[in-house]
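>>> Okay, predicted coordinates and the sequence, questions at the end:
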Amino acid sequence: MNRKVTITLGLALVLASLPGLTSKSNAEIQHDAFNDISGHWARSTIMTAVEKGYVSGYPGELFKPDLEISRAEFVKLVVSALGYTEDQADQIASGAKWYDGFVRTAEEKKLYSTADFSNSDASWRANITRKEMARIAARAVGESTDDDDKWFYLATKKGLITGLGKGQLGEKVTTTRAQAVTIIERILKSREGAVLPVDKYAVSSAEIAWHGTNIFTVMPEVFVTNEKQLNGKPVEELWRKDLMVVDPGNGKYKGELEALIAIDLEDPNDPNLKLLPPLEELKWDYFASAVNGVPTKFIPLKKLPASYFLFFKGKEVYNNDSNLYYSNPEGPFFGIDGIESPDREAFFHGELNGIGSLFHKKVADINGHILPKIGWTQGIHPIEIRIFTPVRSKYGYKSNILLKIDGPFKKNIR
């Protein structure tokens with residue numbers, strides 16, 4: 001018993017020698033006045049975290065909010081903030097590192113896995129990245145996935161982490177002490193049932209980084225389906241990332257859809273507007289009539305109703321038979337079926353009430369489709385998104401269906 005007390009005291013002394021990680025008494029906190037956080041964007045959050053006792057400052061009344069934080073330090077803070085404890089006597093007795101007990105707890109609580117990075121001193125002393133932080137944060141609120149590309153999406157969708165502006169994720173960017181306690185406070189709020197504010201541009205970018213499209217983030221009212229098809233899963237799980245490469249298997253052609261990016265043309269801050277020419281120069285080609293490749297009947301985008309644009313970003317991997325396949329550097333052909341116009345005559349007279357095409361200078365010089373936010377309908381067919389080989393004839397044709405869902409207006413057959 002005396003040995004255990006001595007070892008526990010030794011642990012306290014070890015942690016006390018690590019500035020910025022120890023807790024303080026309420027009396028100390030009340031009189032704390034860090035001289036380096038006045039005016040800092042995270043001052044209030046920092047003080048809240050200090051008052052809770054899972055983080056403290058450095059000698060000289062410093063918090064060092066912009067100091068980068070290591071993986072070991074972040075895990076220690078998360079474990080402490082969540083109130084997890086364990087007997088660390090054996091680790092201290094064997095001369096283990098100060099963070100070993102926290103790492104073991106993190107493993108037991110499914111916050112960390114050796115698949116994330118190796119359990120070595122060099123790894124734990126490295127500064128933690130935003131993606132690694134997002135992974136731990138998502139796990140801390142009960143999220144799980146076998147797809148490592150999905151963690152940032154889960155964390156942003158929950159409001160645990162935001163972007164760096166203009167949809168930038170900064171997955172490999174390291175994290176500061178101020179950012180760390182901000183994320184931990186969000187974890188605690190989420191675990192208490194709070195619904196956190198969400199950075200929709202970060203979620204959009206994270207969804208693309210995960211499975212190659214953001215349609216479920218930007219156009220959630222369009223891409224919906226029935227509970228039977230969902231089978232308990234979120235609708236975004238129905239997207240077939242594994243089919244974004246089309247290969248007929250004859251060694252003559254391979255094309256890839258790198259991303260299907262939904263753009264809100266009504267939102268001037270949508271970060272993906274940069275993928276398009278200036279909006280004031282875009283037109284809708286509403287009637288199949290052109291002279292020298294230039295449409296003769298069109299309406300400027302600015303005169304159209306609020307709409308989305310579905311931008312197909314692809315590439316031709318190889319084309320070994322240009323007599324069989326059209327050569328197109330933008331990759332495979334694409335199609336969206338199941339979205340209909342309620343009045344086709346009105347459509348061909350300039351009313352955008354269905355899916356259409358935009359152009360800049362020439363017919364089809366922008367890879368994608370425009371869809372008004374309202375005014376379109378469906379028939380008896382589901383919404384289907386597919387890519388297919390750019391064949392000149394039926395031979396060598398291959399089509400991949402990336403998504404097939406009911407949509408909001410599908411009519412049932414009686």
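Nice, I can see it.
>>> G159: what's its closest spatial neighbour, skipping adjacent residues?
Nearest non-adjacent residue to G159, counting by CB to CB, 6 or more residues apart in numbering: L196, 2.9 Å away. Using the backbone N, CA and C atoms, a C-beta is placed for each residue, glycine as well.
>>> Can you tell me the SS state at the one you found?
On the three-state scheme (DSSP: H, G, I helix; E, B strand; the rest coil), L196 is labelled coil.
>>> what residues are up against A209?
By CB atoms under 8 Å, 6 or more residues apart in numbering, the contact list for A209 reads D149, F152, Y153, L169, E171.
>>> Find the helix or strand that the residue nearest the centre of the chain is a member of.
In the chain, the residue lying closest to the centroid (CA atoms, centre = their mean) is A206, at 1.6 Å. Element membership for A206 (DSSP states H and E) is helix 200-211.
>>> okay, the residue nearest to the centre of the chain: pLDDT?
A206 is assigned a pLDDT of 98 by the prediction.
>>> State the distance from it to A81.
24 Å (CB to CB, to the nearest Å).
>>> likewise S123?
Relative to A81, and taking CB to CB, S123 is found at 22 Å.
>>> before we move on, what about D343?
According to CB to CB, D343 and A81 sit 58 Å apart.
>>> which of these two has more neighbours?
Taking other CB atoms under 10 Å, D343 and A81 do not tie; A81 has more neighbours (20 against 13).
>>> Next up, the contacts around that one.
Going by CB under 8 Å, 6+ apart, A81 touches A49, K52, Y54, I184, I187, L188.
>>> neighbouring contacts of stretch 189-198?
With CB under 8 Å, 6+ apart as the test, stretch 189-198 has contacts from L82, A140, V141, T156, K157, K158, G159, L160, R186.
>>> can you give me the helices for the protein?
Taking DSSP state H, the helices of the chain run over residues 2-16, 26-30, 43-52, 71-81, 89-93, 100-108, 121-125, 130-140, 151-157, 177-191, 200-211, 215-218, 227-230, 344-347.
>>> what sits opposite I401 in the beta ladder?
Following DSSP bridges, I401 is listed with bridge partners R386.
>>> returning to what we had before: spatially, which two of the contacts of A81 are the most separated?
By the measure CB to CB, K52 and I187 form the most distant pair in those, at 12.1 Å.
>>> Give me the more crowded residue out of those two.
Just comparing K52 and I187: by other CB under 10 Å the higher neighbour count belongs to I187, 23 against 17.
>>> State the pLDDT value of that one.
pLDDT recorded at I187 is 98.
>>> I'd say it and G159 touch.
No - with contact defined as CB atoms under 8 Å, I187 does not reach G159; the gap is 10.4 Å.
>>> Show me where the stretch 301-414 of the chain has its strands.
Per DSSP state E, counting those that start in this stretch, the stretch 301-414 of the chain carries strands over the ranges 307-319, 333-337, 358-359, 368-372, 383-388, 399-405.
>>> deepest of the ones you listed, which one?
Ranked by mean neighbour count under mean count of other CB atoms under 10 Å, these are led by strand 358-359, which reaches a mean of 22.
>>> If you count contacts, what does that one end up packed against?
Applying 3 or more CB pairs under 8 Å, 6 or more residues apart in numbering; DSSP states H and E, one finds that strand 358-359 makes contact with strand 283-285.
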